[in-house]
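Student: Structure for this input, please:
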Amino acid sequence: MSQPIITLIIPTHFRSILLQRALNSINLQSLRENIEVIVVSDAKDKATDAVCNEMLFPWDMYIVRNGKAGPSESRNIGLKLAHGQYIMFLDDDDAWCPEFTAELNPYLGKLSSSIHYFNCTVVKESRTPEGPVIHSQNQFDWSQMVNDQIYVKNQVHMSCVLFPRHTLERLEFDCRMRAYEDWDFILAARERSRIVHIPVMCSRIHEVDDHTSDRRGSSADAANFNAVLDYLYVYRRHSAPNDQIAEQRQALLASTGLILPTGMV
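Tutor: Sure, this is the predicted structure:
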């Protein structure tokens with residue numbers, strides 16, 4: 001295989017059924033021979049082994065790592081091994097839309113050195129032992145999504161972003177973060193290059209709002225004061241681009257009870 005156009009990095013954790021769905025969506029792509037897939041599991045799991053042995057192509061990689069569980073370190077390992085001209089990430093419970101690479105293909109020869117992002121479909125589902133059950137799905141046009149407000153709250157899902165490889169040189173996910181490591185990573189990359197929209201439907205983002213959720217951690221954890229501290233951590237790492245954004249950051253934190261002077265956000 002010559003240099004792949006895209007390296008797709010997928011961290012996984014005991015989700016063989018969902019990973020199978022993700023890999024199937026990639027294997028059906030029209031440019032599959034130009035896609036390098038790197039699956040990194042943070043746990044030993046025979047079911048995940050079986051899925052990867054069956055579905056990965058000879059030029060793909062499957063890695064089982066040790067250490068603390070979590071997607072950040074898995075993605076960092078994938079970044080070190082990636083050969084593609086462009087880098088993308090996909091959560092193991094999400095998938096690519098069927099025509100993604102076919103619709104992307106006309107743009108590939110015209111891509112600038114910018115970071116690019118795409119549209120998506122959000123799918124609501126339940127997860128049963130037999131597999132996911134879809135309840136609804138809605139397409140979203142994100143053409144006007146990314147602007148300076150991304151320094152207040154994240155605006156785009158990681159699976160919908162295509163990074164030129166050079167924009168990620170010596171850039172890693174912060175393994176110390178409890179949450180929002182995707183947002184932190186996107187901000188760090190954006191500070192190296194602008195982000196440009198491409199009107200292509202990229203990812204199917206699967207969300208579970210009921211008791212069948214298999215997410216690590218809980219919604220209560222996400223809503224507690226630790227989440228506020230995580231926001232503050234991101235704010236301190238990535239300066240507000242202007243006074244208006246700084247004031248909006250200050251107001252958001254104040255709404256949670258954390259009162260800080262503008263100069264600290």
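Student: Not counting its neighbours along the chain, what's nearest residue 64?
Tutor: Once flanking residues are discounted, residue 64 sits nearest to residue 41: 4.9 Å by C-beta to C-beta, 6 or more residues apart in numbering. C-beta coordinates here come from the backbone N, C-alpha and C atoms, glycine included.
Student: Show me the beta-bridge partners of that neighbour.
Tutor: Beta-bridge pairing of residue 41 under DSSP bridges involves residue 12, residue 64.
Student: so what's it up against?
Tutor: 11, 12, 13, 48, 62, 63, 64, 65, 74 (C-beta atoms under 8 Å, 6 or more residues apart in numbering).
Student: Just the buried residues of those.
Tutor: 11, 12, 13, 48, 62, 65, 74 (16 or more other C-beta atoms under 10 Å).
Student: Which two of these have the greatest separation?
Tutor: 13 and 62 (13.9 Å; C-beta to C-beta).
Student: where does the chain have low pLDDT?
Tutor: Scanning the chain for pLDDT under 70 picks out the ranges 1, 215-224, 262.
Student: Point to the residue nearest the middle of the chain.
Tutor: residue 158 (2.7 Å; C-alpha atoms, centre = their mean).
Student: which residue sits closest to it in space, ignoring its chain neighbours?
Tutor: Per C-beta to C-beta, 6+ apart, closest to residue 158 is residue 182, 4.2 Å.
Student: just to revisit the earlier point, and the gap between the residue nearest to residue 64 and residue 129?
Tutor: From residue 41 over to residue 129 the distance is 21 Å, taken as C-beta to C-beta, to the nearest Å.
Student: again, but for residue 195
Tutor: For residue 195, the distance to residue 129 - C-beta to C-beta - is 40 Å.
Student: quick one: which of those two has more around it?
Tutor: Neighbour count, other C-beta atoms under 10 Å: between residue 195 and residue 129, residue 195 has more, with 19 against 6.
Student: all helices for the chain, in order.
Tutor: 16-27, 46-55, 71-81, 100-108, 181-190, 219-223, 225-237, 243-255 (DSSP state H).
Student: Could you check how far the fifth one is from the centre of its chain?
Tutor: Here the centre of mass of C-alpha atoms in helix 181-190, compared against the chain's by C-alpha atoms, centre = their mean, to the nearest Å, lies 10 Å away.
Student: Show me the contact partners of that helix.
Tutor: 71-72, 89, 115, 150-151, 154, 156-158, 161, 163, 167-168, 171, 173-175, 177, 233-234, 237-238.
Student: Look at stretch 144-154 and report the distance between its end residues.
Tutor: For stretch 144-154, the first and last residues are 14 Å from each other (C-alpha to C-alpha, to the nearest Å).
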